[in-house]
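*Asks:* Below are the sequence and a predicted model for it; my questions follow.
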Amino acid sequence: MGDDNIKIILRIRPSKRASGFLEEDPLEEGQVAVKVPLSPSERASWIVNNSRTFWQFRFNSVLGPECSQEETFDAVGRDAVSWALQGFNATVFAYGQTGSGKTFTITGGAERYADRGLIPRAVSLVFSKLEEADDTHFQAFVSYLEIYNDQGFDLLAEERSAPRLEDLPKVSMLEDENGHFHLKNLGMHRVASEEEALNFLFLGDTNRAISETAMNKTSSRSHCIFTISLEARRHGADVVKRSKLHFVDLAGSERVAKTGTSGQTLKEAQYINSSLFFLEMVIKALHERSSGARTHIPYRNSMMTSVLRDSLGGNCKTIMVATVNPEAEHTEETISTARFAQRVSLIKNNAQVNEETDPAIVIQRLKAEVKALREEVEFLKGETGEEESLSDAQISALQAACAEYVATRDPEAQLSIGRLSVTRIKDCFAILKGMVLQARSEQGSGAEKQAGGGPSAKEVARLQEVLRQRDEEIAILVNMVHQGKGPPGVPLAPQSNANQREVLGPKASTEQAPLTVAGVGPPPDMKILDSPQKAFEWFRQKCPRSKPLEENKEELRVKYGEAKEAGAKANDARQQIQYLKQTIENLRREQAVDGLLPGAFEEKAPAALQADVERFQKEEDSLKGEIDLLKRTHQEGFTKLRRLKKEIEQIQRMMEKCRANIQTDFDRWYTKMLDTSQEPRKKLGASGEKRLPYLTGNQEADADIMAFYKAKEQLQRHVPLTSPSQGEFG
């Protein structure tokens, strides 16, 4: 496979019922074989059986069942991010049957931090690289397109509270005279940080359409494309690089006989299979075009193939992730997916760096040059005149111009002070000198500015204080969960689609016990329902969602430990730097006392004097070398603190979602247990004593809890609601 060919990677879903038919060649990387043995009856029969039982496929890389999400990103996502930062268009798309792990690979799990998929990891890597690029100005935009039943929808539309997918704005395809497709009504949202980009990703996942089938409990019923658009311009340059990084989660191909779909789900399956059929037609046509057999490529057959036009045979670097299920009943789909990947690997793309000269930047630069030249000519001709002194307004304008000049990273930026005069030039030098002296005074006596733009001690102390406060907040929330309260801010809302994911775990069965809710059955003693607190504690221990929550707590504890360690190292490095600087000052004073500084009296012999000078210089150079090493250590510690802060915030968001999901599942389970109990009125004791719900101690939260349970019980009794001030809770 050449460098221009589409790169194909096979990912095998972990399963407890793996057939063993799929084998990777241990001697040749990327070589995979499928061996299907004959059944005992076929082997015992005298009839000749010419059915094929052996297939071989070659991939660029194979990710086995034990492969983690991080390893998957290293094999797939890092190259795509690197291409996009260089100015190339890049696409990563996942293809495979339903339930094989495409969504888990692209987006990841919504509960465990370690289960983050390609998109959140790519977003994190993109913004970390942007922060390191001091000589380039970047702008980033994100969009999220869903193609449902061959109709496009903007998942990041302003109508964020749309209850149905049909309420979102529809996206249509437009083609210009050059044959390029454009998406109408698809919003491009500018993002300045990793957090903003992830918030848009979570919003889009919430609006995404999923359904339950016999093969996948949370089957994606649409094709989704998350796009990161980048614009890069070096400081002082007129050339702008524009690139797009696409992550495509294709809906899984499915056989209706296996999934048992009907009604709306059957209609969705028909659209999915037809769009994938058109995709295969495009792949086949591209292969035939490379051999000269045809020229026309049927991109227009479906919206999905039109959107992927550049990714397949166009100006793009593309990676395909083929996901397969190793269980015996899915062997046919596994072979079909591998065959499709082999055809895709034969396609050659023509990727080029997307750079162009921005006319607006050129015009702006030329205007600035003309203005500067005119001012210089006027100054040389003596037409500007001299000013005895400047007014306060003029000095303020000079200060603003100097501040803007110092703040810009453009090495070719010029200081614009208006009309040139000796008075203005002197005042500008005075302002710049004042800024330097102020910066030195803020860093302490004798402190030098840290190499590489390192943080100040105040910034490190502030970040440590923030981390300490977050640590205390998490400890309080964990304690509340152990007590069965849940954080006051967790809404009692239905579970969002963002938490329903296609997982790379054992296949979930759709047949549940009659009284099973969220994977939890009835308690052994129904009297536990009399106390919501005890019922919640029992439910939390049995709920499958509790395990990801505990894992996130452990991950958070580890991250806090790393953050504290990094902060301690940064502070220790800073203190050592101050000590070494003071040592250098003492060494110089000792040198001055000995009369070794220039201009001092020379009382020693030249040879002895030269030896002392060399000794002092060697000691000072050694101390400066240690300071440089410590400065790098300090900078590394601060960079690690910033990275850990982002990771901690993301884990906290996942923990909040886990808690909200557990609370929602408990409400459903508790209501179901009460309704199906042999004594549904058991919540009222034999003496008629009324049971109050468990309260948190927060007045506002307790008022909402009381109102909720009051409305709930009165609805169950089919009596009209009374005003909040009437009667007791009952």
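*Replies:* The structure has been received and is ready for your questions.

*Asks:* Which elements pack onto the longest helix seen in the chain?
*Replies:* If you go by DSSP state H, the chain has its longest helix at helix 606-676. Counting by 3 or more CB pairs under 8 Å, 6 or more residues apart in numbering; DSSP states H and E, the packing neighbours recorded for helix 606-676 are helix 118-132, helix 194-207, helix 457-482, helix 532-542, helix 546-593. Where you see a C-beta, it was placed from the backbone N, CA and C, and this is true even at glycine.

*Asks:* Swap in 7 Å and give it another go.
*Replies:* For helix 606-676, the elements it packs on are helix 194-207, helix 457-482, helix 532-542, helix 546-593, judged by 3 or more CB pairs under 7 Å, 6 or more residues apart in numbering; DSSP states H and E.

*Asks:* wait, which of those helices is closest to L398?
*Replies:* Proximity to L398 (CB to CB) singles out helix 457-482 among the helices and strands packed on helix 606-676, at 28.4 Å.

*Asks:* In space, not sequence, find me the middle residue of the protein.
*Replies:* By CA atoms, centre = their mean, the chain has its centre lying nearest to P120, at 2.2 Å.

*Asks:* So it sits against L198, correct?
*Replies:* Yes: assessed by CB atoms under 7 Å, P120 is found in contact with L198 at 6.0 Å.

*Asks:* Residues contacting stretch 64-74, please?
*Replies:* Stretch 64-74 is contacted by residues 11-14, 24, 63, 105, 108, 114-118, 121 when judged by CB atoms under 7 Å, 6 or more residues apart in numbering.

*Asks:* How about the contacts made by the residue nearest to the centre of the chain?
*Replies:* Counting by CB under 7 Å, 6+ apart, P120 makes contact with 108, 198, 201.

*Asks:* Which one of those sits in the busiest neighbourhood?
*Replies:* Using other CB atoms under 10 Å as the neighbour definition, the contacts of P120 reach their maximum at G108, which records 26 neighbours.

*Asks:* need the contact list for that residue.
*Replies:* Counting by CB under 7 Å, 6+ apart, G108 has contacts 69, 115-117, 120.

*Asks:* out of the residues you listed, who has the most neighbours?
*Replies:* Top of the contacts of G108 by neighbour count (other CB under 10 Å): G117, with 25 neighbours.

*Asks:* Just the local confidence number for that residue, please.
*Replies:* Here, the pLDDT recorded for G117 equals 91.

*Asks:* what do you get for G453?
*Replies:* On the pLDDT scale, G453 is placed at 47.

*Asks:* Please apply the same query to W538.
*Replies:* 87.

*Asks:* these two touch, right, it and L529?
*Replies:* No: using CB under 7 Å as the test, W538 is too far from L529 to be in contact (9.6 Å).

*Asks:* Might you list the low-confidence residue ranges for the stretch 601-730 of the chain?
*Replies:* Residue ranges of the stretch 601-730 of the chain with pLDDT under 70: 601-606, 608-609, 677-702, 704-705, 708-730.

*Asks:* Can you point out the buried residues in stretch 239-252?
*Replies:* Across stretch 239-252, burial judged by 16 or more other CB atoms under 10 Å covers 240-252.

*Asks:* Then stretch 97-110?
*Replies:* Quick answer for stretch 97-110 (16+ other CB under 10 Å): 97-110.

*Asks:* ditto for stretch 59-79
*Replies:* Quick answer for stretch 59-79 (16+ other CB under 10 Å): 59-63, 67, 69, 72-73, 75-77.

*Asks:* do the same with stretch 665-681
*Replies:* Quick answer for stretch 665-681 (16+ other CB under 10 Å): 665-667, 669-670, 672-674.

*Asks:* could I get the helices and strands packed on helix 606-676 as a markdown table with distance to A269?
*Replies:* Output for the helices and strands packed on helix 606-676, formatted as a markdown table (distance: least, CB to CB, whole Å):
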| stretch | distance to A269 |
| --- | --- |
| helix 194-207 | 21 |
| helix 457-482 | 40 |
| helix 532-542 | 34 |
| helix 546-593 | 30 |
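
*Asks:* weakest of these in terms of mean pLDDT?
*Replies:* Among the helices and strands packed on helix 606-676, helix 457-482 scores lowest, at a mean of 59.
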